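Colleague: return a 3D structure for these sequence lines:
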Amino acid sequence: MKLAHKNFLYTTIVTGILTILVLGYFVFMLPSLYVDYVSNENYDSIVAQHKGYLKDGTYKHVNVKNPSCMTIDIPLAGDFVTITGKSFQTRITPKTDAMKNLFSEMKSYAKTTLNHMKKSNKQLDKKAFNAKVSEWKDEFKKQTDFMDNLPVDIKTKTDFSTKNFYTDESTTIHYISDDTIILEASVNDGENHYTNYMGFTYNKDRLVISYLPAMTPQMNEITPIIIRSLPMLIAVIVLFALVVSYLYSKGIVDPILRLVKHTQAVKRSGDIANASLPVKGKDEISMLVQTLNELYEEIDDNYKVLETKNMELKEKNKSQEVFLRSSSHQLKTPIAAALLLVEGMINQIGKYHDTKTYLPEVKKQLLSMRKIVEDILYLSRCEENILLEKVDLNMLISRQLSSYKITLEEGNYIIMTDYAKECFVTTDGNLLLKILDNLISNAIVHSKAGALITITTKENELEIRNNEAHIDEELIPDIFQAFVSGGKGHGLGLYIVSYYANILGMKIHITNEEDGVLTRLIFDANAKETISYM
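Modeller: This is a model prediction of the structure:
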């Protein structure tokens, strides 16, 4: 996967996880936090409500959210009960003896129970309390069966200071059907928002009215919860983002660091042959590793080629050094002979005063030196520019044989040719001509007069067989070395043949046979027509 795609995928995954975390927080944690917050607020409200009433017996200095809250004040020394609400206060006084006794029993029970709970530090016995409340309820109902003759005196007064207590009054009517409407009335007391819903259905049969009071939650209730949880939420998100960023960065940087360390190790060791790294994945880093592996392979191949070239150059330099030394030594002989002859003729010493006899000898020595010098100079220039082309081997041999016509006739040599129907080779024609010249010359020189010389061409091969000839076995391993000769010639012919054959990618073999010597020249079948510079 490409790094861009991987970045997009990881970003999508991280965004999805963060979204799930936030949604999970709002769906699962926030409601529980809200419930806990409201429970604490309700507890604080009842404490504030109770303490506020205890101060002055009213709700003037009490801030409560629920408009239905009230306080029941039962004086233990009196015969009345006071019920105080947010905007009213009601006093209930028993009129009958039975009701007074009920009130007295309730006060006595409450006093005894509370004292017992304080002293024993125990919870309220709910079962006993519920049974007692049920008993009082039944007694109260028995005494209040007739509303026109209540056993208590009820007096209520309104706190007129709360005349403008409620503000922002609004009413909305919702039409549900032809005979049903919902009335929505909303008020605000400065701290809380209250909504009263009333449903009215009027038809020919009846009138039905339903009532539902509700307190609308305010934004200031949820804001503290969110503010409290923000540090934890931010910490979780930041921590998650840091962990994911670290892991993702590590996943990208680690392969690059390993690649850098590996490259440095290869640089220090120089072991390019074993420098390849395993390729994992298909992203840009894997492509970089693959490219580096290919680069290492190419460098290793080039290094091997260069090493081979260096070895060839070393061998060539060594061979040239030996060749030059041998050439220098080989030239000493004709030079010394020519100087001796010239010195003798100048001073007319003995037989050397016959210049007509010895001047041709001097010329012969000079021609021998010229031949050696020409071969050396041509060897030094032949590699500068090699032209590979298609050459007709049969035609080239025939042309070269024509230059030896007089020599062949003087020695009564018999030349037999066996040409292939078509024999084209891709090589340098000039160098091949030099090779053919030396091979034919060598076959003539090392054959007896009247000997049979057979020249055969095949596909990518040339054979020259000269009968009644033999090479000393000890000379065969060094036959292609410079100035190695069997006694005839200066020993450069086969060296030149081997040198040119190596340049052109040919192979040369010379072996003794029962009736003569066989020379085989094998051409490179894969050579292409081109120009190469060496």
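
Colleague: can you show me the strands along the stretch 201-350 of the chain?
Modeller: 207-216 (DSSP state E, counting those that start in this stretch).

Colleague: same question for the stretch 401-534 of the chain.
Modeller: Going by DSSP E, counting those that start in this stretch, the stretch 401-534 of the chain shows strands at 414-418, 424-427, 452-458, 461-467, 507-513, 516-522, 531-532.

Colleague: just want the angle from the fifth one to strand 516-522.
Modeller: Our comparison of strand 507-513 with strand 516-522, counting by axes from the mean of the first three to the mean of the last three CA atoms, to 10 degrees, yields an angle of 160 degrees.

Colleague: any idea which residue is closest to the centre of the chain?
Modeller: When CA atoms, centre = their mean is applied to the chain, the residue found nearest the centroid is residue 285 (3.5 Å).

Colleague: just checking, that one touches residue 252?
Modeller: Yes: assessed by CB atoms under 8 Å, residue 285 is found in contact with residue 252 at 7.4 Å. (Each C-beta comes from the backbone N, C-alpha and C, glycine too.)

Colleague: if we can go back for a sec, out of the strands of the stretch 401-534 of the chain, which gets nearest to residue 294?
Modeller: strand 531-532 (26.2 Å; CB to CB).

Colleague: what about the closest one, average pLDDT?
Modeller: Mean per-residue pLDDT for strand 531-532: 39.

Colleague: in contact with the residue nearest to residue 519 when sequence neighbours are not counted, which residues?
Modeller: Of all residues not flanking residue 519 in the chain, residue 464 sits nearest, at 4.5 Å (CB to CB, 6 or more residues apart in numbering). Residue 464 makes contact with 439, 440, 443, 453, 454, 455, 456, 518, 519, 521 under the criterion CB atoms under 8 Å, 6 or more residues apart in numbering.

Colleague: show me which residues of stretch 278-295 are buried.
Modeller: 283, 285, 286, 289, 292 (16 or more other CB atoms under 10 Å).

Colleague: can you tell me the average pLDDT over that stretch?
Modeller: 75.

Colleague: from residue 249, how far out is the residue nearest to the centre of the chain?
Modeller: Taken as CB to CB, to the nearest Å, the spacing of residue 285 relative to residue 249 amounts to 13 Å.

Colleague: in stretch 348-367, which residues are buried?
Modeller: Under 16+ other CB under 10 Å, the buried positions of stretch 348-367 are 352, 358, 362, 365.

Colleague: ok, back up a step: now the strands of the stretch 401-534 of the chain as a markdown table including distance to residue 209?
Modeller: Below are the strands of the stretch 401-534 of the chain laid out as a markdown table (distance: least, CB to CB, whole Å):
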| stretch | distance to residue 209 |
| --- | --- |
| strand 414-418 | 134 |
| strand 424-427 | 117 |
| strand 452-458 | 126 |
| strand 461-467 | 125 |
| strand 507-513 | 122 |
| strand 516-522 | 122 |
| strand 531-532 | 113 |
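
Colleague: how about the ones you listed, which one is nearest residue 83?
Modeller: strand 531-532 (120.1 Å).

Colleague: returning to what we had before: and the residue nearest to the centre of the chain, what is it in contact with?
Modeller: Residue 285 touches 3, 252, 255, 256, 259, counting by CB under 8 Å, 6+ apart.

Colleague: which among these count as buried?
Modeller: The buried subset of these (16+ other CB under 10 Å) comprises residue 255.

Colleague: circling back: between the strands of the stretch 401-534 of the chain, which one is nearest to residue 178?
Modeller: Going by CB to CB, the one of the strands of the stretch 401-534 of the chain nearest residue 178 is strand 531-532, 107.2 Å.

Colleague: how much space between residue 518 and residue 435?
Modeller: Counting by CB to CB, the gap from residue 518 to residue 435 is 16 Å.

Colleague: ok, which pair from the buried residues of stretch 278-295 is furthest apart?
Modeller: Going by CB to CB, the pair spanning these furthest: 283 and 292, at 14.5 Å.

Colleague: chain center to stretch 346-362, what's the gap?
Modeller: Centroid separation between stretch 346-362 and its chain, computed with CA atoms, centre = their mean, to the nearest Å, is 90 Å.

Colleague: which other residues reach it?
Modeller: 337, 338, 341, 342, 343, 344, 345.

Colleague: which ones among those map onto helices?
Modeller: 337, 338, 341, 342, 343, 344, 345 (DSSP state H).

Colleague: point out where the stretch 401-534 of the chain drops to low pLDDT.
Modeller: Low-confidence segments of the stretch 401-534 of the chain (pLDDT under 70): 482-492, 527-534.

Colleague: got it, and the stretch 151-300 of the chain?
Modeller: 151-152, 157-169, 189-192, 205, 215-221, 281, 283.

Colleague: and for residue 126, the neighbour number?
Modeller: 8 (other CB atoms under 10 Å).

Colleague: what of residue 49?
Modeller: 20.

Colleague: pick the one among the buried residues of stretch 348-367 closest to residue 35.
Modeller: The closest of these, once distances to residue 35 are taken by CB to CB, is residue 365, at 126.3 Å.

Colleague: what residues does the nearest residue to residue 459 once chain neighbours are set aside make contact with?
Modeller: Spatial nearest neighbour of residue 459, excluding adjacent residues (CB to CB, 6+ apart): residue 420 at 6.4 Å. Taking CB under 8 Å, 6+ apart, we find residue 420 in contact with 394, 457, 458, 459.

Colleague: let's see 10 Å
Modeller: 393, 394, 456, 457, 458, 459, 460, 461, 462 (CB atoms under 10 Å, 6 or more residues apart in numbering).

Colleague: likewise residue 338?
Modeller: 361, 362, 363, 364, 365, 366, 368, 369.

Colleague: show me the contact partners of stretch 225-241.
Modeller: 14, 17-18, 21-22, 25-26, 29-31, 33-38, 219.

Colleague: what about residue 453, neighbour count?
Modeller: Residue 453, neighbours per other CB under 10 Å, totals 21.

Colleague: give me the distance between the closest residue in space to it that isn't next to it in sequence and residue 414.
Modeller: What sits nearest to residue 453 in space, not counting adjacent residues and going by CB to CB, 6+ apart, is residue 466, at 4.8 Å. Look at residue 466 and residue 414: by CB to CB, they are 10 Å apart.

Colleague: also residue 106?
Modeller: Taking CB to CB, one finds residue 106 at 159 Å from residue 414.

Colleague: of those two, who's got more company?
Modeller: The neighbour comparison of residue 106 against residue 414 (other CB under 10 Å) goes to residue 106, with 17 against 13.

Colleague: list the buried ones in the helix or strand containing the more buried one?
Modeller: Per DSSP states H and E: residue 106 is located in helix 97-120. Buried residues in helix 97-120, counted by 16+ other CB under 10 Å: 99, 102, 103, 106, 107, 109.

Colleague: return the member of those residues nearest to residue 88.
Modeller: The nearest one, if we look at the buried residues of helix 97-120 relative to residue 88 and count by CB to CB, is residue 103, at 21.2 Å.
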